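A.B. asks: got a predicted model here, sequence first, then my questions.
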Amino acid sequence: MSLEDKLAGWTGPSSNTEKDKQDRTERMIREAINSHAPFNNCSLKVFSKGSYANNTNVRADSDVDIAVECTEVKYWGESEKGNHPPGQPYEGIWTPSKLRSELVSAMTAKFPGQVDSSGSTAIQINSSSSRVDADVVPCFSYRYYMKYGTRDGTKIFKKDGSSIVNYPVQQMEKGTAKNNATGYAYKKGARLLKRIENAMAADGTFRELPSFFMECLAYNCPDEVFSRSIWTERLRGMLFYIWDNLQGDEPDEGRWLEVNECFFLFHSGQKWTRADGREFAKAAWNYFGFK
């Protein structure tokens with residue numbers, strides 16, 4: 001098999017069999033929630049997110065992430081004090097611990113013996129012969145108030161009381177726009193970087209990095225590299241751009257963004273650094289013997 005054939009093969013999504021298992025997993029989680037009586041009078045939005053929802057997952061990472069958003073409560077933040085209009089505090093029953101405990105009960109009833117609720121954030125549903133692994137993520141509606149306009153997302157509370165904000169809708173919108181602008185090559189490129197990261201980690205060539213980080217590295221590459229005629233040249237373009245543009249410290253302007261374009265890609269709270277990005281690019285370049 002030529003290098004070009006290998007790279008082209010690595011750009012593909014999950015197989016049809018894996019896709020069936022993913023869809024079945026999502027459907028069963030929805031059934032578990034719908035049949036759980038305590039949720040009868042609770043307003044919930046259930047949706048997939050992450051690489052499964054964005055069609056950037058690869059065969060070695062075929063689990064699904066399902067967000068269960070309680071819209072009974074809306075948390076908020078503001079870019080400057082005073083942007084948020086005055087309001088009344090929520091006094092209902094749906095606290096973060098109540099939502100989590102009911103979801104654990106619902107999942108346990110549907111998937112007996114297959115639920116791991118020991119994690120700090122998500123409730124894990126273990127795979128079976130007909131399902132893939134799943135992370136069920138309890139969260140609440142969230143709105144961020146800026147000087148001009150607002151931004152809607154979700155707020156996830158961990159068991160220790162800390163929280164994180166996600167913008168899954170924006171991630172899907174921005175990723176789809178980039179994919180359309182590159183003739184559907186961006187998501188293939190994101191999958192290619194994920195497959196390379198998986199391969200290098202499996203044989204000990206390079207350390208493991210989060211798959212979302214790979215997706216963001218591809219997102220920050222210019223559209224031009226995705227317009228090249230073959231995957232060997234597209235990959236060379238991505239790796240060189242990543243390595244060259246992540247030299248030195250974080251700049252004051254032109255900073256790279258997550259796919260959602262709501263957060264900077266590099267800051268002290270991230271699980272990765274600029275060095276991770278440029279060292280990955282160099283390792284991948286050498287992995288394929290590029291000159």
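C.D. replies: Arrived safely.
A.B. asks: please make it C-alpha for all contacts and neighbour counts, starting now.
C.D. replies: Will do.
A.B. asks: ranges for the helices of the stretch 1-150 of the chain?
C.D. replies: Listed in chain order, the helices found in the stretch 1-150 of the chain under DSSP state H, counting those that start in this stretch are 3-10, 16-34, 50-54, 96-110.
A.B. asks: mean confidence score for the second one?
C.D. replies: It stands for helix 16-34. Mean pLDDT, computed over helix 16-34, is 94.
A.B. asks: run the chain-centre distance for it.
C.D. replies: For helix 16-34, the separation from the chain centroid amounts to 18 Å (computed by Cα atoms, centre = their mean, to the nearest Å).
A.B. asks: by mean pLDDT, flag the weakest helix or strand of this protein.
C.D. replies: Taking mean pLDDT, DSSP states H and E as the measure, helix 50-54 is the helix or strand of the chain with the lowest mean score, a mean of 89.
A.B. asks: can you tell which of the helices of the stretch 1-150 of the chain is closest to M238?
C.D. replies: Evaluated with Cα to Cα, the helices of the stretch 1-150 of the chain place helix 3-10 nearest to M238, the distance being 13.2 Å.
A.B. asks: and the least confident helix or strand of the chain, what does it pack onto?
C.D. replies: Here helix 50-54 touches strand 64-78, helix 168-181, going by 3 or more Cα pairs under 8 Å, 6 or more residues apart in numbering; DSSP states H and E.
A.B. asks: related to what we said a few turns ago, quick one, which of the helices of the stretch 1-150 of the chain is nearest to R274?
C.D. replies: The closest of the helices of the stretch 1-150 of the chain to R274 is helix 50-54. By Cα to Cα, the value is 22.0 Å.
A.B. asks: for the stretch 101-250 of the chain, which spans come out with low pLDDT?
C.D. replies: In the prediction, the stretch 101-250 of the chain carries no residues with pLDDT under 70.
A.B. asks: any chance you could map the strands in it?
C.D. replies: Counting by DSSP state E, counting those that start in this stretch, the stretch 101-250 of the chain has these strands, from start to end: 115-116, 123-125, 134-145, 150-157, 163-166.
A.B. asks: switch these over to TSV; also include mean neighbour count and distance to A275.
C.D. replies: TSV is the format used below for those (neighbours: other Cα atoms under 10 Å; distance: least, Cα to Cα, whole Å):
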stretch	mean neighbour count	distance to A275
strand 115-116	18	34
strand 123-125	22	31
strand 134-145	22	29
strand 150-157	20	28
strand 163-166	15	24
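A.B. asks: a markdown table for those, including distance to C42?
C.D. replies: What follows is the strands of the stretch 101-250 of the chain, written out as a markdown table (distance: least, Cα to Cα, whole Å):
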| stretch | distance to C42 |
| --- | --- |
| strand 115-116 | 23 |
| strand 123-125 | 19 |
| strand 134-145 | 12 |
| strand 150-157 | 17 |
| strand 163-166 | 21 |
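A.B. asks: before we move on, back to that, so which bits of the least confident helix or strand of the chain are buried?
C.D. replies: Of the residues in helix 50-54, those with enough neighbours to count as buried (16 or more other Cα atoms under 10 Å) are 50-52, 54.
A.B. asks: same check, this time on stretch 270-290
C.D. replies: With burial defined by 16+ other Cα under 10 Å, the residues of stretch 270-290 counted as buried are 273-274, 276-285.
A.B. asks: can you lay out those residues as TSV showing secondary structure, distance to M172 and pLDDT?
C.D. replies: Below are those laid out as TSV (DSSP: H, G, I helix; E, B strand; the rest coil; distance: Cα to Cα, whole Å; pLDDT from 0 to 100):
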residue	secondary structure	distance to M172	pLDDT
T273	coil	24	98
R274	helix	24	98
D276	helix	25	98
G277	helix	22	98
R278	helix	26	98
E279	helix	28	98
F280	helix	25	98
A281	helix	25	98
K282	helix	29	98
A283	helix	29	98
A284	helix	27	98
W285	helix	29	98
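A.B. asks: what's around T25, how many residues?
C.D. replies: 24 (other Cα atoms under 10 Å).
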